[in-house]
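Asks: 3D, please:
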Amino acid sequence: MQTTIADLTNIFQALPHLSRSDQALIERAYETARLAHANQFRQSGQPYIVHCVAVAQILADMGMDATTIAAALLHDVVEDTGITLPDIEHEFGAKIAELVDGVTKLKQLPTGVEGMHGGKAGDREMEYLRKMFLAMGSDFRVILIKLADRLHNMRTLGYMPPHKQIQKARETLEIFAPIANRLGIWQLKWELEDLAFRYLEPDRYREIAAQLDERRSDREAYMRRMIAYIREQFVREGLEADVKGRPKHIYSIYRKMDRKHLPFNQIYDVRAIRIIVGSVAECYQALGIIHNIFHAIPGEFDDYISSPKQNSYRSLHTAVLDRDGRTLEVQIRTREMDEEAEYGIAAHWRYKESRTASGHDSALERRLERLRRMLDDVRQETDEQDANGFVEGVIEQIGQERIYAFTPKGDIIDLPEGATPIDFAYHIHTEVGHRCRGAKVNGRLVGLDYQLKNGEHVEILTANRGGPSLDWLNADLGYTKTSRARSKIKQWFKRREREKSIADGKEVLDRELRKLGMSATPRDQIAAQLGYNSADDLMAAIGYGDITGAQISFRLLEVERREADAARDTLESNVVRPNIPVR
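Replies: Sure, this is the predicted structure:
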């Protein structure tokens with residue numbers, strides 16, 4: 001077992017509070033995986049077990065429990081070796097087998113997924129993503145193992161052929177990084193984004209990396225001075241705080257440059273400071289001190305404590321100018337907020353104090369409930385068979401920047417960036433969306449294709465009757481951004497089409513029944529005789545052209561003939577024949 005212990009040293013160091021039985025579980029999982037993968041190698045030439053340990057190490061660094069670590073070590077054995085799921089359950093129990101099974105089902109992302117920004121993915125890809133997103137609502141540890149697996153694969157992507165590098169990087173940026181973001185795991189999100197960006201936009205990546213390196217020593221000296229100055233001001237005000245520089249991530253800098261059309265030297269979070277305090281009240285006290293000693297930049301303050309992001313992220317963000325006119329971004333949060341921001345949903349495994357005596361973690365349950373509610377909302381807004389619509393809806397929720405607009409009553413409506421008044425109207429209520437005819441934003445009339453901005457007050461102007469326009473579904477016209485709005489509009493037109501088809505079908509059906517002398521026969525009885533669930537379904541089928549009047553007459557006559565034959569056979573079988581003796 002000496003090999004086992006040596007390979008697992010870093011994992012155990014990251015989890016110093018593991019019990020001896022938990023350590024033994026992880027050692028057994030390692031030994032099983034090592035023997036199962038004994039003759040397998042990665043493209044790098046390394047033994048395959050190195051990948052399994054690396055995935056487990058990523059999760060250990062996040063503070064995950066022994067069950068998750070063991071499942072991570074075993075995550076490839078069912079697919080790539082002769083070990084079966086019953087073998088895993090027999091040796092390690094049902095929960096670890098369930099996690100391994102979940103990861104195995106999500107193992108292969110079908111080729112061709114273009115995600116949010118590329119072309120349309122096929123049915124197989126959409127069905128895969130649907131399963132993946134639904135797995136987020138059951139045991140989220142399946143997704144954490146999958147994310148750790150993807151992260152290590154991205155770290156070693158250089159050994160793959162160029163076309164595979166592009167494919168994996170696109171999947172990572174458009175699917176896996178947004179999932180990490182939705183689960184609130186900043187540690188995974190930023191590294192997945194930077195690694196993917198490095199392969200997708202190598203020139204831009206190198207350009208920003210070079211600009212970061214160019215004045216690194218000057219910037220670090222400046223940051224040391226700013227941190228010392230801020231600490232000194234806090235001491236004077238009697239505020240105890242941890243003040244430190246914040247890491248800069250290349251993809252987030254690129255996104256901000258691209259979104260705001262700014263050059264590198266005007267990006268505020270290139271010079272960034274994070275302030276950690278003891279309470280929410282102290283967050284606002286620290287903000288007051290920062291705004292007192294520096295000049296706040298208008299429009300660059302966000303309060304994610306009073307209005308958390310969808311992934312439960314909480315913090316105060318502000319950007320200020322120092323006395324020399326240089327920009328500085330400042331984040332202020334409590335220690336608990338900092339843990340949750342870095343580790344997201346996994347933070348609940350790091351700090352057991354938040355749990356009750358029964359081991360129940362109420363904060364974790366609330367976070368998971370929000371996640372399940374989001375998935376349920378998207379599921380309810382799309383047809384059951386529409387995997388494409390479901391996936392688009394979930395990606396919209398997890399992968400896009402959000403804005404917050406206000407109703408006239410002051411309620412906050414959470415929408416994706418680029419949303420319009422029509423999206424806002426459908427978010428309030430389906431009927432408000434259908435009858436939307438205009439909108440006022442901050443008291444001013446705007447077009448229905450107007451893109452709402454953060455913090456705007458929106459009033460929807462409605463008609464007494466009427467419905468949506470087909471133009472609202474035309475992506476080129478820009479009337480709708482959200483899958484909810486598009487789904488509701490499509491449903492309205494489908495329902496209207498069905499109602500018209502029922503009316504048309506009723507006319508044909510009545511005519512045929514008059515010809516057959518069956519006008520008095522109940523329509524539901526006719527529908528049942530022809531194999532339909534209801535009269536409306538039958539008349540809709542006629543109106544759609546799925547069945548003609550002549551076919552109805554023929555089938556009804558066939559039914560009538562079969563019933564007559566059956567009645568005659570019954571009658572004949574019941575006739576009492578005379579018993580004539582044989583001579």
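Asks: what's the closest non-adjacent residue to residue 29?
Replies: Counting by Cβ to Cβ, 6 or more residues apart in numbering, residue 29 lies nearest to residue 70, which is 3.8 Å off, once chain neighbours are set aside. The way it works is simple: take the backbone N, C-alpha and C, and place the C-beta from them, glycine included.
Asks: helices of the stretch 1-150 of the chain, start to end?
Replies: 2-7, 9-14, 20-36, 49-61, 66-73, 77-80, 85-92, 94-105, 123-135, 141-155 (DSSP state H, counting those that start in this stretch).
Asks: quick one, which of those is nearest to residue 526?
Replies: helix 123-135 (36.4 Å; Cβ to Cβ).
Asks: where in this protein is pLDDT low?
Replies: The chain contains residues with pLDDT under 70 at 1-6, 107-138, 214, 266-269, 310, 345-401, 567, 569, 571-583.
Asks: how about the helix ranked longest in it, which residues are buried there?
Replies: The residue-count maximum for a helix in the chain (DSSP state H) belongs to helix 483-515. Across helix 483-515, burial judged by 16 or more other Cβ atoms under 10 Å covers 483-490, 498, 501-502, 504-506, 508-509, 512-513.
Asks: check stretch 462-480 too.
Replies: 462, 468, 472, 478-480.
Asks: hang on, residue 319 is in a strand, isn't it?
Replies: Yes. Note on residue 319: a strand contains this position according to DSSP: H, G, I helix; E, B strand; the rest coil.
Asks: residue 241 versus that one, what's the distance?
Replies: 19 Å (Cβ to Cβ, to the nearest Å).
Asks: do the same with residue 90
Replies: Going from residue 90 to residue 241 by Cβ to Cβ gives 53 Å.
Asks: higher neighbour count, those two?
Replies: Counted by other Cβ atoms under 10 Å, residue 90 and residue 241 do not tie: residue 241 has more neighbours, with 20 against 11.
Asks: list the contacts of the more buried one.
Replies: 231, 234, 275-277, 282, 286 (Cβ atoms under 8 Å, 6 or more residues apart in numbering).
Asks: mean neighbour count, the helices of the stretch 1-150 of the chain: which tops it?
Replies: A comparison of these by mean neighbour count, using mean count of other Cβ atoms under 10 Å, puts helix 66-73 on top with a mean of 27.
Asks: give me the angle between that one and helix 20-36.
Replies: Between helix 66-73 and helix 20-36, the angle comes out at 10 degrees (axes from the mean of the first three to the mean of the last three Cα atoms, to 10 degrees).
Asks: which other helices and strands does helix 66-73 contact?
Replies: Helix 66-73 sits against helix 20-36, helix 49-61, helix 94-105, helix 141-155, with contacts defined as 3 or more Cβ pairs under 8 Å, 6 or more residues apart in numbering; DSSP states H and E.
Asks: now stretch 434-454: how far from the chain's centre is it?
Replies: For stretch 434-454, the gap between its own C-alpha mean and the chain's C-alpha mean amounts to 28 Å (Cα atoms, centre = their mean, to the nearest Å).
Asks: make that stretch 32-45, sorry
Replies: 33 Å.
Asks: what's the end-to-end length of that stretch?
Replies: End-to-end distance of stretch 32-45 (Cα to Cα, to the nearest Å): 21 Å.
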